[in-house]
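**Q** Need the 3D shape of this:
(2 chains)
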Amino acid sequence: DAKTTQPNSMESNEEEPVHLPCNHSTISGTDYIHWYRQLPSQGPEYVIHGLTSNVNNRMASLAIAEDRKSSTLILHRATLRDAAVYYCILRVNRDDKIIFGKGTRLHILP
Amino acid sequence: NAGVTQTPKFRVLKTGQSMTLLCAQDMNHEYMYWYRQDPGMGLRLIHYSVGEGTTAKGEVPDGYNVSRLKKQNFLLGLESAAPSQTSVYFCASSYPGRKPNYGYTFGSGTRLTVV
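**A** Numbers count the residues shown, from 1 in each chain, chains lettered A, B, ... in the order given. Below is the predicted model of the structure:
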């Protein structure tokens, strides 16, 4: 399975932008980069995904490196409700499953 | 709301008892999955299904069985519960792997304690 590497934890101040990094040096050309987050006591929820170009949605932005070996999830203005574990995952074309790593635990300081 | 529904939400079992966890989705997804999550850990894949009548093993399949008799339902069974199976169980569904631009939808989890 294609693997990703994320920092174990990060801290950010409330109302400031947060940049969550992810390395995926073994990514293949057709693999999609997906981000999920898991709020305390809840199931994971989809955040955003991309292939080559940067992506924006109402929750976050995804910046993908030109060589696609890394990506960054950007929360433009963190709130206390953004405190969660964020998972960066590669969805491999035609693969039947995704394997989760340990993700990055994001702490938001008031 | 459309999505993935898990029942029950909580359950306490005695060692050796059996039970079935039910997952239902109404999004017409082909693929369904069962994960477990232990305290402070990430999710680990138990079993998954790529369509009605199919099942496959994930990372940690021992001690569990699954069935997918209907497209919308995926059942996870514990034949003889053990304390090591105390965990939070999450069900998820998705479009097929040949559609990697679609995400997974997760249920809210079943918290199982085996005493």
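
**Q** Spell out, range by range, the strands that occur in chain A.
**A** A:9-13, A:18-23, A:32-38, A:45-50, A:55-56, A:61-64, A:70-75, A:84-91, A:104-109 (DSSP state E).

**Q** I'd like those strands laid out as a markdown table, including distance to B:Lys70 and mean neighbour count.
**A** C-beta coordinates here come from the backbone N, C-alpha and C atoms, glycine included. Converted to a markdown table, these look like this (distance: least, Cβ to Cβ, whole Å; neighbours: other Cβ atoms under 10 Å in any protein chain shown):
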| stretch | distance to B:Lys70 | mean neighbour count |
| --- | --- | --- |
| strand A:9-13 | 41 | 14 |
| strand A:18-23 | 36 | 18 |
| strand A:32-38 | 26 | 23 |
| strand A:45-50 | 24 | 19 |
| strand A:55-56 | 35 | 15 |
| strand A:61-64 | 35 | 19 |
| strand A:70-75 | 36 | 20 |
| strand A:84-91 | 25 | 24 |
| strand A:104-109 | 37 | 17 |
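
**Q** Reformat the ones you listed as TSV; add distance to chain B and mean pLDDT.
**A** Listed next are the strands of chain A as TSV, based on distance: least, Cβ to the nearest Cβ, whole Å; pLDDT from 0 to 100:
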stretch	distance to chain B	mean pLDDT
strand A:9-13	12	97
strand A:18-23	14	97
strand A:32-38	4	94
strand A:45-50	4	93
strand A:55-56	11	94
strand A:61-64	13	97
strand A:70-75	14	97
strand A:84-91	4	94
strand A:104-109	9	96
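
**Q** In JSON lines: the ones you listed, plus distance to B:Trp34.
**A** As requested, the strands of chain A are exported to JSON lines (distance: least, Cβ to Cβ, whole Å):
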{"stretch": "strand A:9-13", "distance to B:Trp34": "27"}
{"stretch": "strand A:18-23", "distance to B:Trp34": "25"}
{"stretch": "strand A:32-38", "distance to B:Trp34": "16"}
{"stretch": "strand A:45-50", "distance to B:Trp34": "18"}
{"stretch": "strand A:55-56", "distance to B:Trp34": "29"}
{"stretch": "strand A:61-64", "distance to B:Trp34": "28"}
{"stretch": "strand A:70-75", "distance to B:Trp34": "26"}
{"stretch": "strand A:84-91", "distance to B:Trp34": "17"}
{"stretch": "strand A:104-109", "distance to B:Trp34": "24"}
